[in-house]
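>>> sequence first, then the predicted structure, then my questions.
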Amino acid sequence: MDTKDIRKMSDEQLTAELAAARRRLFDLRTQQVVGEKVTDTAQFPKIRKNVARLLTESTARRSTK
């Protein structure tokens, strides 16, 4: 997901996508701790960056209102 897509989202979509991304990150961390094999470890930084992008847009929207 890139910044252009995030800017097109409504506030509700932004909140829902942020919650989903945080949940995916939590699930991956849980899999790793429990000992399950995480096949694509490159997802960790990708999801973290998406969470950061979503939070940045959310903060920007709050500051302009």
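Here it is on my side, so go on. What you see is a predicted model; the values in this text were computed from it and never measured.
>>> which stretches of this protein form helices?
When assigned using DSSP state H, the helices of the chain occupy the ranges 3-8, 11-34, 43-64.
>>> got TSV for those, with mean neighbour count and mean pLDDT too?
Quick note: C-beta positions are derived from backbone N, CA and C, even for glycine. Formatted as TSV, the helices of the chain follow (neighbours: other CB atoms under 10 Å; pLDDT from 0 to 100):
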stretch	mean neighbour count	mean pLDDT
helix 3-8	11	94
helix 11-34	13	96
helix 43-64	13	95
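>>> S58 and R7, how far apart?
In this structure, S58 and R7 are 11 Å apart, going by CB to CB, to the nearest Å.
>>> next one: N50
When distance is defined by CB to CB, N50 is 14 Å away from R7.
>>> which neighbours do these two share?
Common contact partners of N50 and R7 (CB atoms under 8 Å, 6 or more residues apart in numbering): none.
>>> need the contact list for R53.
Applying CB under 8 Å, 6+ apart to R53 gives the contacts 1, 3, 6.
>>> now do the contacts for the first one.
By that I understand M1. Under the criterion of CB under 8 Å, 6+ apart, the contact list for M1 reads 17, 50, 53.
>>> once you drop chain neighbours, what's closest to N50?
Of all residues not flanking N50 in the chain, A21 sits nearest, at 5.1 Å (CB to CB, 6 or more residues apart in numbering).
>>> circling back to that earlier point, from the contacts of R53, which single one is nearest A42?
Nearest to A42 among the contacts of R53: M1, at 15.3 Å, using CB to CB.
>>> so how far is stretch 25-41 from its chain's centroid?
Once both centres are worked out by CA atoms, centre = their mean, to the nearest Å, stretch 25-41 turns out to sit 16 Å from its chain's centre.
>>> start and end of that stretch, how far apart?
By CA to CA, to the nearest Å, the extent of stretch 25-41 from end to end equals 11 Å.
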